[in-house]
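# dropping a prediction and its sequence here:
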Amino acid sequence: MSDFIALPFAPDVGLLKLTWTSAVVSAGVLAILYSQSKKDGFNYLPGFPFVGAWSFFTKRAEFLDVAITANRSGKTSKFNLRNHNIIIATNEDGRKVFYGTRGLSVSDGYAALWGTAPSLNEALGEVESTAKQSNFFMKRLQPLLHRDRLHRLIPELFSDLNVHLESWPQSGHMDPFTHVWNVIFHLTNRALGARELADDLSTVKELATLYWSAEQDPSPSSVLLPWIPSRTKQQRMEAMGTLYTTFADTINKRISEGRSENDAVQFMLDQDDTVEEIAPFIMQAIFTGTITTGILVCWILIYLHTYPEWDAKIRQELEALLNEYSPDATLPMYARFSQVPVEAWEGSTPVLEAVITETNRMVISGSNMRRNMGEDIEVNGLKVKQGEFMLYPMGSLHHDADHYPDPLRWDPSRWADPTRLERERSQWSFLGWGVGLHPCLGMRIAKLDLKLAVSLFIQLFEYSRVDKNGNPSKDIPVPNLNDLHRVAPKGEGRYFQYKRRPSTVKTAMLQ
Ligand code: HEM
C-alpha cells in the first residue's frame, strides 16, 4: 500500500528526481557505513541513518530472514527504527527471555511498529496509564468470554452470520479478504460491542469500512518520516475518531434513554464502568483480534478448497454434530447449527481444531513486540537496555524444519495424529496463541468465530479460488508474508467464485 505524500508546493519534477536520486545514493553509502560501525557484539541489520531499516516495512519477510539465519549461526541481530533499537533473538534463549521476562511490555512494544513509540522518559511516565487501560481490557474480557455467556451467544452469532451471508448475491466473484473478513467484524461487534450497532447490517458495514481505513498498514514513510504529512495517516486518524465517537454516542444514548440491553456494553455499564472506559474497550476488541480471525477464516477456506480430503473430514465432523444435537433437517442450516452447544463446538471438533492450528502455524507468522521497561536484561550474553525493543518473528519457529518437518506444507495431521512428533513438543514450540506471560486472552471467542463462520460458509456455498478476472487458480496457495495487512496469497489467486448451494437457496426462500 503506498502513501500519498501531500507536498505544500508544486515541485519541479526533474529537479525533484535529481535531488531524490542524490539523496538515495548518499543515504545508501551512509547506510553501509552505519551498518558496519557498531562493535557491541550484535549483528547489525542495515538501515539508513536517522530513519533506520526501511526494508523492515517494504520487505519484512526477507528482512527478518536475515536475522533468523544469523541467529542459527549464533549471532543476535539488532536494527534501528528511527531512534529506537530493536533486538531479534530467535533461538531458545531468545524465546525464553522474550516470552518470560516481566519487565518486557507488550503494549509499549507494538508502538514501535506504528511509529508511535515515545522516548524512554515519556514511556516511563506513561507506564501506569498504559497498564491501567490494558488491565481494564483483560479484566472485562474474561467474564465476557465465560462459557455460559458464549453458550447464549451462539444463536445470535449464527443469526448474524446468516443475515450477513444472505445479504450477498446468490452467486458471484468476491474478495474474501474483504467480504468474509467483514463477517468476522460483525461477530466481534456482537460479542464485545453494542447491540444497537450489531443489530443493523448497514451500520455494521459502514463501521467495517471505517475499520479498514483505520487499520491500514503503516507505510515506511508514515513511520520513519512522521513529520511528512500523509493522507493515509490523516485518513487513519479520522476513521479512528469516527469509530470511537460512534461507540461513545451509542452508549451515551442508551444511558440517556434509560434503556438496558443484553450485551457486552450493558455488562460493563452494570459494573459502573464509564463511557470513557467502555468505548476504548470496544476499540481494543475490534483492533486486537478481528483482523487475525478474519485472515484465518479466509485461509482455512482456501486450504479446504485446495485439499478436498480435509474438507470432507470437516463435513463429516459437522454432520455428526448435527445428527446429535439438531437432527431436524427441515430447519435452515444456521438454525440447526445454533442448537449445537458450546461444549460440543469446543470439545467435539478435533478436525476443525487441527485445521485451525495448522492454518495459524502457516499464516500467522508475524512479529511479536516488546519494550524493555524494567532493568537491563541479557539475551544470548548480550545486553538489552532499558527502553530498547525486542522482536520475535513467530515464523522463525513455525517455519523451521527442525520443529515442523516440511514446514511450508499445510498438513493438519501434524496436530490430528497423536503419534506425530509435534504433539509431544512443549508449549513453547507453538506460538500461535501466545505463550509464557502473555497468552491470547481472546482465543476462546476467536476459535468459536472461526468454527462457526467456516462451518456455515462451507455448508451454504460452493466456491473456488480465482484471479480478479475469474480465471481459476490451480497452484498451491502460498501466504504472502510481506502483505502485512491481510496476508493474502502470493500471485493472483486471492478471489473466490462462489454460488449458493441449491438446497440452501430453497431453505432461504422457505424462511
Ligand atoms: C485467530 C485469532 C487470534 C490469534 C491467532 C491470536 C493470537 C495471539 C497471540 C499470538 C498473542 C501473543 C502476542 C504476543 O506475545 O505479543 C495474543 C495475545 C493476545 N490476544 Fe489474541 N489472537 C487472536 C484473537 C484475539 C481476540 C479475538 C482477542 C480479544 C478480543 C484477543 C486478545 C488478546 C489479548 C488481550 C492478548 C494479549 C495478552 C497480554 O498482553 O497479556 N486475541 N493473541
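Perfect, I can see it now.
# so what's the nearest residue to L224 once chain neighbours are set aside up against?
Among residues not flanking L224 along the chain, V51 sits closest, at 4.0 Å (C-beta to C-beta, 6 or more residues apart in numbering). Every residue, glycine included, has its C-beta placed from N, CA and C. For V51, the contact set (C-beta atoms under 8 Å, 6 or more residues apart in numbering) comprises L81, R82, L224, L225.
# now do the contacts for the third one.
For L224, the contacting residues are V51, G52, W54, F57, L81, R82, G115, by C-beta under 8 Å, 6+ apart.
# quick one: the residues you listed as JSON lines, columns for pLDDT, secondary structure and distance to D272 too.
Shown next, in JSON lines, are the contacts of L224 (pLDDT from 0 to 100; DSSP: H, G, I helix; E, B strand; the rest coil; distance: C-beta to C-beta, whole Å):
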{"residue": "V51", "pLDDT": "81", "secondary structure": "coil", "distance to D272": "46"}
{"residue": "G52", "pLDDT": "84", "secondary structure": "strand", "distance to D272": "45"}
{"residue": "W54", "pLDDT": "87", "secondary structure": "coil", "distance to D272": "48"}
{"residue": "F57", "pLDDT": "84", "secondary structure": "helix", "distance to D272": "43"}
{"residue": "L81", "pLDDT": "88", "secondary structure": "strand", "distance to D272": "41"}
{"residue": "R82", "pLDDT": "82", "secondary structure": "coil", "distance to D272": "41"}
{"residue": "G115", "pLDDT": "69", "secondary structure": "coil", "distance to D272": "36"}
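# any idea which of these is closest to K490?
F57 (18.4 Å; C-beta to C-beta).
# if we ignore the residues flanking it in sequence, what's nearest the closest one?
P220 (3.7 Å).
# cool, and W181?
G294 (3.4 Å).
# just checking, that neighbour touches H179?
No. Using C-beta atoms under 8 Å, G294 makes no contact with H179, being 10.0 Å away.
# could you tell me whether N368 really is in a strand?
Yes. Assessed by DSSP: H, G, I helix; E, B strand; the rest coil, N368 belongs to a strand.
# residue numbering should commence at 568 henceforth.
All right, first residue 568 from here; so that's N935.
# picking up where we left off before, for the contacts of V618, pick the one with the most neighbours.
Among the contacts of V618, L648 has the most neighbours (other C-beta atoms under 10 Å), with 23 neighbours.
# and that residue, how far from I867?
Note on L648: its distance to I867, by C-beta to C-beta, to the nearest Å, is 33 Å.
# give me the buried positions along the helix or strand harbouring D878.
Taking DSSP states H and E as the definition, one finds D878 inside helix 875-892. In terms of neighbour count (16 or more other C-beta atoms under 10 Å), helix 875-892 has its buried residues at W877, D878, K880, I881, E884, L885, L888, L889.
# cool, stretch 693-703 as well?
By neighbour count on 16+ other C-beta under 10 Å, the buried set for stretch 693-703 is T697, F703.
# likewise for stretch 770-784?
V771, L774, A775, L777, Y778, W779, S780, A781, E782, Q783, D784.
# sort out which of those are in strands and list them.
Taking DSSP state E, every one of those sits outside strands.
# just those residues: which has the poorest pLDDT?
Of all those, D784 has the smallest pLDDT value, namely 66.
# residue numbers of this protein in contact with the ligand?
Contacts of the chain with the ligand, taken as C-beta under 6 Å from any ligand atom, map to 673, 705, 759, 852, 855-856, 859-860, 863, 927, 931, 935, 998-1001, 1005, 1007-1009, 1012-1013.
# check contacts around the residue in the stretch 918-1067 of the chain that the ligand sits nearest to.
The stretch 918-1067 of the chain approaches the ligand most closely through G1009 (1.9 Å), counting by C-beta to the nearest ligand atom. By C-beta under 8 Å, 6+ apart, the contact set of G1009 is L708, L712, A852, T855, G856.
# and which of these is nearest the ligand?
For those, the nearest to the ligand is G856 (2.2 Å; C-beta to the nearest ligand atom).
# confidence score at the closest residue to that closest one other than its chain neighbours?
Nearest residue to G856 in three dimensions, chain neighbours excluded: G1009, at 4.5 Å (C-beta to C-beta, 6+ apart). Looking at G1009, its pLDDT stands at 96.
# if I look at G1009, how far off is Y1065?
Counting by C-beta to C-beta, the separation of G1009 from Y1065 is 28 Å.
# mind checking pLDDT for the residue nearest to W748?
In this model, G861 is scored at 95, pLDDT.
# residues touching the closest residue to N756 other than its chain neighbours, list them.
Leaving out its chain neighbours, the residue that sits closest to N756 by C-beta to C-beta, 6+ apart is A765, at 4.4 Å. Each residue near A765 by C-beta under 8 Å, 6+ apart is listed here: D727, H753, N756, R757, V771, D830.
# which helices and strands does the helix holding D878 pack with?
helix 857-873, helix 909-914, helix 917-930, helix 1010-1027 (3 or more C-beta pairs under 8 Å, 6 or more residues apart in numbering; DSSP states H and E).
# make JSON lines out of those helices and add mean neighbour count.
Output for the helices and strands packed on helix 875-892, formatted as JSON lines (neighbours: other C-beta atoms under 10 Å):
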{"stretch": "helix 857-873", "mean neighbour count": "23"}
{"stretch": "helix 909-914", "mean neighbour count": "14"}
{"stretch": "helix 917-930", "mean neighbour count": "22"}
{"stretch": "helix 1010-1027", "mean neighbour count": "22"}
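# make a markdown table out of these and add distance to T809.
As requested, those are exported to a markdown table (distance: least, C-beta to C-beta, whole Å):
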| stretch | distance to T809 |
| --- | --- |
| helix 857-873 | 17 |
| helix 909-914 | 34 |
| helix 917-930 | 30 |
| helix 1010-1027 | 24 |
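# in this protein, which spans are strands?
Under DSSP E, the chain gives strands at 610-611, 644-648, 651-655, 671-672, 738-741, 934-939, 944-946, 949-951, 956-960, 1028-1033, 1062-1067.
# which residue is the nearest non-sequential neighbour of L687?
Spatially, and ignoring its direct neighbours in sequence, L687 is nearest to G954 (3.4 Å; C-beta to C-beta, 6+ apart).
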